[in-house]
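Asker: Structure, please.
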Amino acid sequence: MKIKLEGPRIILRPPVLSDTDIINAHVQVPDICRYTFISRLSTIESTREYIRNTRKWWRSGRNQHFAIVWKNPQCVIGMIGLSAIDHKNRNAELGYWLAKKYWGQGLTPEAIRLILDYSFKDLKLRRIYAHVMHPNKPSIRVMEKIGFQREGYLRKAVFQNGRWLDEILFAILKEDYLSHR
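Answerer: Got it, this is the predicted structure:
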């Protein structure tokens, strides 16, 4: 797990136990948790266990989660990853979150492009998909900006924070991504 993906302003690398406190602090912010499932990381111990599990998931080949690290000064500002990696059908699900302080700076698209480059070149995947909870307008805009296509609308697919939310299914194919760059 010595993989490191580097962009102009950020580095993606597997999370390590020393990231526990900062990741846990970020996920306590309600705006971060509103449209994600990271609210399950409500304690230091649950965050530590998540990080330990990422190592097992990497070894299994089914999930690869990365810490998003701001380069200067180096600090963890979010997470991004591939889940349900299906090597036979060459696809995977994308998920991400970013600390609120870093919103609106183009860092999420930068991280997603790093993951897509890695997915299509190194993992030899053909399709990456993402479920975006509606009404998460910033994530919808990011998906569209990068070239993801809407493939479906899942009504009342997620029960989150005491209410039912719809999900929009987005996907991008390798050829679409390469032509959109």
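
Asker: Please, which helix or strand holds the closest residue in space to E151 that isn't next to it in sequence?
Answerer: Counting by Cβ to Cβ, 6 or more residues apart in numbering, E151 lies nearest to L169, which is 4.7 Å off, once chain neighbours are set aside. (C-beta placed from N, C-alpha, C; glycine too.) Taking DSSP states H and E as the definition, L169 sits inside strand 163-173.

Asker: who does that strand pair up with?
Answerer: With DSSP bridges as the test, strand 163-173 is paired with strand 127-134 (antiparallel), strand 149-160 (antiparallel).

Asker: show me where this protein has strands.
Answerer: Remark: strands assigned in the chain by DSSP state E are 5-6, 10-13, 64-70, 75-86, 91-98, 127-134, 149-160, 163-173.

Asker: Among these, show me which one is buried the most.
Answerer: strand 64-70 (a mean of 23; mean count of other Cβ atoms under 10 Å).

Asker: what sits up against stretch 67-83?
Answerer: Contact with stretch 67-83 is made by 9-16, 19, 22-23, 26, 38, 54, 62-66, 92-99, 101-102, 107-108, 111-112, 115, 119, 123, 128, as judged by Cβ atoms under 8 Å, 6 or more residues apart in numbering.

Asker: State the mean pLDDT of it.
Answerer: Mean per-residue pLDDT for stretch 67-83: 95.

Asker: how far does it sit from the chain's center?
Answerer: Its chain's C-alpha centre and that of stretch 67-83 lie 10 Å apart, by Cα atoms, centre = their mean, to the nearest Å.

Asker: start to end distance for that stretch?
Answerer: 14 Å (Cα to Cα, to the nearest Å).

Asker: end to end, how far does stretch 113-130 reach?
Answerer: Terminal residues of stretch 113-130 are spaced 14 Å apart (Cα to Cα).

Asker: and if you look at stretch 79-94?
Answerer: 11 Å.

Asker: And stretch 66-74, by the same measure?
Answerer: 15 Å.

Asker: pretty sure R48 contacts T20?
Answerer: Yes. Between R48 and T20 there is a contact under Cβ atoms under 8 Å: 4.9 Å.
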